[in-house]
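Q: From the sequence below, what's the structure:
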Amino acid sequence: MPVLPRAILFDLDDTLIRAYAQPEEAWTRLLHIFSAHLDAHDPATIETVRAAIMGEARAFWNDRAEAAKWRLDIPGARRLSVRRGLEKLGRPDEALADKIADAFTEMRRQEYRLYPDAHATVDALRDAGVKLALITNGAGLTQRAKIERFDLEHRFHHIQIEGEFGQGKPELAVYRHALEKLGCEACDTWMVGDNYEWEVVAPQSLGICGIWYDPFDAGIPANAAAKPSRVIKRLAELVE
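A: Sure, this is the predicted structure:
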């Protein structure tokens, strides 16, 4: 086993569990189900609808204030994005938009999957004496349901959820509080996750080692404000 830090902070969604990754594929698959309602009977038209919805979603989530508010109601945020997407295409239909958004939310929920090496990696780290924290954005009930569903609670010394703590990543108070709860210094801590800003840029500004989880080989963003201390494609790389 490699030299390990005193503490590791883990992200939840799309780090320990696959939850929201590869949205293009998921939206395309879902929109085919609604092709008749959308009068979209060929791949090109489906792609036009998908691009409109995801374009509105990106604009929505790029607004930091809006994102902080709506992270606590992802289904509601998704409804707004689909409504705006259909409006952009010149066919406003709130009832249909909400039906599509809710179907996507349920499809994603059903398809949540624990990454194959998640339990073994976390357990090996804990057995090695590393202090572990799970830090996730989102609503308390939603995230607690995932934590219970995938048998994660007992594996961490500290669990911190945005909806319960009152702040979410990338607010620096989030990382500072987790360090305090673990009784560890930033220089002795790693942060592991898939979101470049939340798991690399922000924690590194405090002196935490930012390890970027890139299972789909997306590569470091071209406009990245910082370089990760390390890039991994499998969680097991942390203990190999």
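Q: Now do Ala101: how many residues are near it, please.
A: Residues near Ala101, counting by other C-beta atoms under 10 Å, number 23. C-beta: built from backbone N, CA, C; applies to glycine.
Q: and it, how far is that from Thr136?
A: Distance from Ala101 to Thr136, counting by C-beta to C-beta, to the nearest Å: 22 Å.
Q: ok, now Tyr213?
A: 14 Å.
Q: for Ala67, same thing?
A: 15 Å.
Q: Tell me which helix or strand in the chain has the weakest average pLDDT.
A: Least confident helix or strand, the chain: helix 64-70 with a mean of 81, by mean pLDDT, DSSP states H and E.
Q: Run through the neighbouring helices and strands of the helix or strand that that one is followed by.
A: Tracing the chain C-terminally past helix 64-70 and defining elements by DSSP states H and E, one meets helix 74-88 next. Contacts defined by 3 or more C-beta pairs under 8 Å, 6 or more residues apart in numbering; DSSP states H and E place helix 74-88 against helix 43-61, helix 64-70, helix 94-111.
Q: quick one: contacts of helix 74-88?
A: 49, 52-57, 60-61, 70-71, 92-94, 96-98, 100-102, 104-105, 138-139, 142 (C-beta atoms under 8 Å, 6 or more residues apart in numbering).
Q: Run a quick neighbour tally on the nearest residue to Arg126 once chain neighbours are set aside.
A: Closest residue in space to Arg126, ignoring its immediate chain neighbours: Leu132 at 5.8 Å, by C-beta to C-beta, 6 or more residues apart in numbering. Other residues near Leu132 come to 18 when the count uses other C-beta under 10 Å.
Q: what residues do Tyr213 and Thr136 have in common as contacts?
A: Joint contacts of Tyr213 and Thr136 (C-beta under 8 Å, 6+ apart) are Asp11.
Q: how many neighbours does Arg230 have?
A: 15.
Q: Pull the number of nearby residues for the nearest residue in space to it that is not next to it in sequence.
A: Using C-beta to C-beta, 6+ apart and skipping the chain neighbours, the partner closest in space to Arg230 is Ile211 (4.7 Å). Neighbours of Ile211 under the rule other C-beta under 10 Å: 23.
Q: And Pro228, by the same measure?
A: 20.
Q: do the same with the one 5 residues further on
A: Using other C-beta under 10 Å as the criterion, Lys233 is surrounded by 12 other residues.
Q: Could you double-check that it lies in contact with Asp217?
A: Yes. Using C-beta atoms under 8 Å, Lys233 is in contact with Asp217, at 6.6 Å.
Q: Around the residue lying closest to Leu31 once chain neighbours are set aside, count how many other residues there are.
A: The spatially closest residue to Leu31, leaving aside those adjacent along the chain, is Ile46, at 5.1 Å (C-beta to C-beta, 6+ apart). Neighbourhood size, Ile46 [other C-beta under 10 Å]: 20.
Q: just to revisit the earlier point, of Ala67 and Thr136, which one has the most company?
A: The neighbour count for Ala67 versus Thr136, taken as other C-beta under 10 Å, is higher for Thr136 (26 against 14).
Q: so that one bridges to which residues?
A: Ile161 (DSSP bridges).
Q: Could you measure from it over to Trp27?
A: If you go by C-beta to C-beta, the gap between Thr136 and Trp27 works out to 23 Å.
Q: what residues go with each domain of this structure?
A: 7-19+113-238, 23-111 (automatic domain parsing).
Q: rewinding a little: what are the phi and psi values at the residue nearest to Arg230?
A: phi -110, psi 120 (degrees, to the nearest 10).
Q: what's it in contact with, if anything?
A: Trp190, Met191, Val192, Gly193, Glu199, Val200, Pro228, Ser229, Arg230, Val231, Ile232, Leu238.
Q: same question, Leu206
A: The contact partners of Leu206, taken as C-beta under 8 Å, 6+ apart, are Leu172, Tyr175, Arg176, Ala186.
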